[in-house]
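Q: predicted model, plus sequence, below.
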Amino acid sequence: MRMRRKTPLVKQVAPILILWLTLSLLASLGPVSAQEKGVTVVDDFGREVLIPHEPKRIVSTAPSITETLFALGLGDRVVGVTRYCNYPPEVLEKIGKGEITVIGGYTDPSLEKILELEPDLVIGHNLLKPEFVEKIEDAGIPIVVVKTSETIQGVYDDIELIGKACWADDAASKLVEKLKSEIAF
């Protein structure tokens, strides 16, 4: 009868330990990898736009966009607005202090002023000329285009789109829920 040699405990446990360590390492890298990839949104024109990192410098090209950004608590990130952006009152205060730059009108924003602001994100609207959107993209700046909403649901969708593009999904969801509850009464 042949005797079987016992495999040392280390040789039995080693493969399991290596597998466990590998899986632990991969799990810990998961969130970092997702952040490194950025956020991709599909804007109102069906364009996929990658926002590679959380935007800290945002340019708004319409009053409704500016109001949404401030309602989401992102007013401290807004560095450029149109001459028609006057709400909330904080916008005019920040313009007066030089914390926000006026980039022109919503149909004739200054590309040069926008580029000087070195934004991480421009949020445009459907009245911008396609050539203007292309020039922003060519400068390496993500631009998300929001179509003027014609329904309440469209307003909610735009809030969520802007929230996602600005890495503020939770704030956008809360704002939409708040608006829905206020409208219900």
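A: Perfect, I can see it now.
Q: buried set for stretch 137-149?
A: 141, 142, 143, 144, 145, 146 (16 or more other Cβ atoms under 10 Å). Every residue, glycine included, has its C-beta placed from N, CA and C.
Q: which of those sits closest to residue 87?
A: Distance to residue 87, by Cβ to Cβ, is smallest for residue 146 among those, at 17.0 Å.
Q: dig out what that closest one forms beta bridges with.
A: Judged by DSSP bridges, the bridge partners of residue 146 are residue 125.
Q: list the contacts for it?
A: Residue 146 makes contact with 43, 44, 62, 65, 123, 124, 125, 126, 158, 161, 162, according to Cβ atoms under 8 Å, 6 or more residues apart in numbering.
Q: turn the residues you listed into TSV, including distance to residue 82 and neighbour count.
A: TSV is the format used below for the contacts of residue 146 (distance: Cβ to Cβ, whole Å; neighbours: other Cβ atoms under 10 Å):
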residue	distance to residue 82	neighbour count
43	19	22
44	18	18
62	7	24
65	9	25
123	11	27
124	11	24
125	10	21
126	14	12
158	17	23
161	19	22
162	16	28
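Q: from the residues you listed, pick the one nearest residue 135.
A: residue 124 (11.3 Å).
Q: shouldn't the closest one be in contact with residue 49?
A: No. Using Cβ atoms under 8 Å, residue 124 is not in contact with residue 49; the gap is 10.4 Å.
Q: give the residues shared as contacts by these two.
A: 143, 144.
Q: could you pull out the strands for the protein?
A: Assigned by DSSP state E, the chain shows strands spanning 39-42, 48-51, 58-60, 78-81, 101-102, 121-125, 143-146.
Q: most tightly packed of those?
A: strand 58-60 (a mean of 29; mean count of other Cβ atoms under 10 Å).
Q: the bottom helix or strand of the chain by mean pLDDT?
A: In the chain, no helix or strand scores lower on mean pLDDT, DSSP states H and E than helix 9-37, which sits at a mean of 45.
Q: for residue 62, which non-adjacent residue is closest in space?
A: The spatially closest residue to residue 62, leaving aside those adjacent along the chain, is residue 125, at 4.4 Å (Cβ to Cβ, 6 or more residues apart in numbering).
Q: again but with residue 87, I slipped
A: residue 67 (5.7 Å).
Q: got the contact list for the one you found?
A: 85, 87, 88.
Q: ok, now how distant is the first one from residue 134?
A: Residue 85 sits 24 Å away from residue 134, going by Cβ to Cβ, to the nearest Å.
Q: who's more crowded, the two?
A: Set side by side, residue 85 and residue 134 show more neighbours around residue 85, with 26 against 11, by other Cβ atoms under 10 Å.
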